[in-house]
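Q: fold the stuff below for me.
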Amino acid sequence: MDDPMVRSRLGRANGTRLWGFPIPSGAPSFFSSDACAIHLLEDLSGPVAGLCLAARAIIPLRMRNIKLTISYDGANFHGWQIQPGLPTIQGLLNDAACTITQETIVVHGASRTDSGVHALGQVAHFKTLSGLPAAEFQRALNALLPPAIRIVAAEEVGPDFHARWLAQAKTYRYRIYRGSVLPPFEYGRALHYPWPLDEDAMAVAARQFEGERDFTSFAASSGSEEDDGGRNMVRVIHSSELMRQSANQEIEYRVRGRSFLRYMVRKIVGTLIEVGKGRLAVSDIPRILEMRDRSSSGPTVPPEGLYLISLEYPDPTDSLGSRRR
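A: All right, here's what the predicted structure looks like:
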């Protein structure tokens, strides 16, 4: 069947198989991004009608929103955000999602982690016309992605969900290994600092960052004084604490806040280490915050100890699993 009216109502040609099943000879082709405009014709019969009915059940008539929870080892990637010619988390996710859906997909992440930074609970979302169930997206993505990137959960959410803009809080941790010898399997996953530190002073200093503060002294420069002057550097930190892991030779800095400036957590950790060395006092922290001067804070520690732990959303993310539309 090659009637122009049928073609116009069922879409354009796009391949010879539907999710692994051969398309019968003579079937009108409609497997494209225009599939949302499918209308079945009552006069179709035989294998053509059967195929169309199957497609009607599989292909949605609306754009769907898929939320992903992602864990990754960032050691061998150039951060989250796509960069031409470089391996990035977003770039690999985009490619995998495009392969699965045969659509142009952009995966939007909640946090644009830097090169070498890890994640246990990064959250992202993408829009698609595909009718593939969320659980199948999880399996398919994990089959295509490198082992260092895992989709730990996938669910369909409401159309207004946005991984970045709806995030109410983020939690990061920074690992500092204190033993004399860094275990080889911790290389690239923790900062090795075996020298003496006053951990009690560091713990007290960590609390000084809680509350609403101007974090200019702890932010990366954009390279332009004009641009820096126009940026809002005020952030709200809900909790900031340094903890000793009793089961091993490690201390951990954990911070939870609404949002963070670039390098902010790493500069805070560098400043806490300066307190631990005795080069800064706990009482210096409020002064450094008030100075709004990047040169007054401690150094930016390397990225390998930093982990994005989790994101928090309202209600929770308006999941279609709990509310039918």
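
Q: show me where the stretch 1-150 of the chain has strands.
A: Counting by DSSP state E, counting those that start in this stretch, the stretch 1-150 of the chain has strands at residues 17-18, 21-22, 64-72, 108-109, 118-128, 149-157.

Q: could you export those as TSV, including mean pLDDT, distance to V282 and mean neighbour count?
A: No exception for glycine: its C-beta is placed from N, CA and C like everyone else's. Below are the strands of the stretch 1-150 of the chain laid out as TSV (pLDDT from 0 to 100; distance: least, CB to CB, whole Å; neighbours: other CB atoms under 10 Å):
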stretch	mean pLDDT	distance to V282	mean neighbour count
strand 17-18	40	65	14
strand 21-22	42	67	10
strand 64-72	98	35	22
strand 108-109	98	35	18
strand 118-128	98	29	22
strand 149-157	97	38	18
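
Q: looking at the ones you listed, spot the one closest to I237.
A: strand 118-128 (18.7 Å; CB to CB).

Q: alpha carbons of the closest one, as CSV, please.
A: Provided in CSV are the C-alpha atoms of strand 118-128 (Å, rounded to 0.1, in the frame of the first residue of the first chain):
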residue,chain,number,x,y,z
HIS,A,118,32.4,12.0,40.8
ALA,A,119,28.7,11.5,41.4
LEU,A,120,26.6,9.0,43.4
GLY,A,121,23.3,10.7,42.8
GLN,A,122,23.4,13.1,39.9
VAL,A,123,20.0,13.8,38.5
ALA,A,124,19.1,14.6,34.8
HIS,A,125,16.2,14.6,32.5
PHE,A,126,15.4,14.5,28.8
LYS,A,127,12.3,14.8,26.6
THR,A,128,11.4,12.1,24.1
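
Q: which strands or helices does that strand pack on?
A: Helices and strands touching strand 118-128, by 3 or more CB pairs under 8 Å, 6 or more residues apart in numbering; DSSP states H and E, are strand 64-72, helix 89-101, strand 108-109, strand 306-312.

Q: hmm, who's touching the second one?
A: Contacts of helix 89-101 with the rest of the structure, by CB atoms under 8 Å, 6 or more residues apart in numbering, involve 68, 70, 72, 74, 77, 79-83, 103-107, 109, 113, 119, 122, 124, 126, 128-130, 132, 137, 140-141, 144-146, 149.
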